[in-house]
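Engineer: what follows is a protein structure lacking sequence information:
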Ligand code: NAD
């Protein structure tokens, strides 16, 4: 599919690309195709090589290490963004983490330490990154993050991450109100399950992946490209009337609880 959105005068910061499967990369690829200049942050030096490979030969890109829970790292990252770009149009937050132990046992047994880690990394960093971005963001800018429907419904073993995603979605609404005055929009994408590094830390991911595709009206899980397309739309001027929203790209799985079947097909089968 070809999209002709011209973002050659736009500048974005994408936080949370680990490799080519990352949902942050799916959005970044669309931005780069549209001509946007993109800076990237990665967590820890072990991810540097991967991002160097992904951005090699792509003009207007730069990368910087940033643990999003560190105020010092955030200050350095946004100083770099200022030095490279002067201003920002877009911020993409594609960061999530919960200790595996908190997703293996019962939700009842979540420790305060694991709760705080999941909330801090997966929800609070949207608030702190938005605060650091605020002085750089142009009026009319756009912020996008990624969430999952376990914020609204119980998904086995998603546990504390369900609570963290609910916090992220609530934070999206509060940020949208405070930044709306400057026409800066804040939305979050609720994506269906995708095979990424973060997904590997969810103990019941294979079951979740299969059952989401099973109930989805489209009969499959969405692709990273479809997440990228929605990201591009929410960042672009095509969505200037939208803010504070949780927007689903999940093949419709969130509206269904049992395997969907068109009425005519179901009647035919019953006869
Ligand atoms: P991913 O592993 O590719 O990306 C997660 C990123 O978070 C990694 O780059 C990791 O380095 C980064 N990160 C973790 N802790 C960090 C910290 N302290 N500071 C900075 N960065 C940190 O996996 P992904 O699936 O692309 O995840 C991106 C976002 O999409 C997450 O918010 C995730 O919850 C969300 N999401 C994923 C799925 C899925 O099924 N994969 C579905 C819906 C939403």
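Structural biologist: Perfect, thanks for sending it. On a predicted model such as this, the values are computed, not experimentally measured, just so you know. Numbers count the residues shown, from 1 in each chain.
Engineer: ok now the biggest strand by length in the chain, how far from the chain's centre?
Structural biologist: For the chain, the strand reaching the highest residue count under DSSP state E is reported as strand 137-147. Relative to the centre of its chain, strand 137-147 is centred 12 Å away, using Cα atoms, centre = their mean, to the nearest Å.
Engineer: in terms of secondary structure, what does that strand contact?
Structural biologist: Under the contact definition 3 or more Cβ pairs under 8 Å, 6 or more residues apart in numbering; DSSP states H and E, strand 137-147 sits against helix 23-33, strand 88-93, helix 125-133, helix 159-180, strand 185-191, helix 224-235. All C-beta spots, glycine's among them, are computed from the backbone N, C-alpha and C.
Engineer: please redo it, this time with the cut-off set to 6 Å
Structural biologist: In this structure, strand 137-147 packs against strand 88-93, helix 159-180, strand 185-191, helix 224-235, with contacts taken as 3 or more Cβ pairs under 6 Å, 6 or more residues apart in numbering; DSSP states H and E.
Engineer: what pairs with that strand, and is each one parallel or antiparallel?
Structural biologist: Strand pairing for strand 137-147, using DSSP bridges, gives strand 88-93 (parallel), strand 185-191 (parallel).
Engineer: got the angle for the shortest one vs helix 125-133?
Structural biologist: Going by axes from the mean of the first three to the mean of the last three Cα atoms, to 10 degrees, strand 88-93 is angled at 160 degrees with respect to helix 125-133.
Engineer: in stretch 179-194, what counts as buried?
Structural biologist: 179, 184-194 (16 or more other Cβ atoms under 10 Å).
Engineer: and the helices and strands packed on strand 137-147 as JSON lines, adding mean pLDDT and distance to the ligand?
Structural biologist: Output for these, formatted as JSON lines (pLDDT from 0 to 100; distance: least, Cβ to the nearest ligand atom, whole Å):
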{"stretch": "strand 88-93", "mean pLDDT": "99", "distance to the ligand": "7"}
{"stretch": "helix 159-180", "mean pLDDT": "98", "distance to the ligand": "7"}
{"stretch": "strand 185-191", "mean pLDDT": "99", "distance to the ligand": "4"}
{"stretch": "helix 224-235", "mean pLDDT": "98", "distance to the ligand": "8"}
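Engineer: in terms of contact, does residue 118 touch residue 163 like I think?
Structural biologist: No: Residue 118 is not in contact with residue 163 according to Cβ atoms under 6 Å; the separation is 7.4 Å.
Engineer: who in the stretch 51-200 of the chain is up against the ligand?
Structural biologist: Contact residues (Cβ under 6 Å from any ligand atom) of the stretch 51-200 of the chain with the ligand: 67-69, 94-97, 121, 146-148, 191, 193-194, 196-199.
Engineer: what comes into contact with stretch 160-172?
Structural biologist: 98, 102, 110, 115, 118-119, 122-123, 126-127, 147-148, 150-151, 186, 188, 246 (Cβ atoms under 6 Å, 6 or more residues apart in numbering).
Engineer: now swap in stretch 26-41 and tell me
Structural biologist: 5, 7-8, 10-15, 17, 51, 58, 60-64, 66, 77, 81, 84, 92, 224, 227-228, 231-232.
Engineer: buried residues of it, list them for me.
Structural biologist: 26-32, 34, 36-41.
Engineer: mean confidence score for that stretch?
Structural biologist: Average pLDDT, stretch 26-41: 98.
Engineer: related to what we said a few turns ago, contacting residues around the longest strand of the chain?
Structural biologist: Strand 137-147 has contacts (Cβ under 6 Å, 6+ apart) with 23, 87-94, 126, 130, 165, 168-169, 182-191, 231, 234-235.
Engineer: closest one of the buried residues of stretch 26-41 to the ligand?
Structural biologist: Checking the buried residues of stretch 26-41 against the ligand with Cβ to the nearest ligand atom, the nearest one is residue 41 at 6.8 Å.
Engineer: show the backbone phi and psi for the closest one.
Structural biologist: With angles defined as degrees, to the nearest 10, residue 41 sits at phi -120, psi 150.
Engineer: quick check: closest non-adjacent residue to it.
Structural biologist: In space, residue 41 comes closest to residue 66 once its chain neighbours are excluded; the distance is 3.9 Å by Cβ to Cβ, 6 or more residues apart in numbering.
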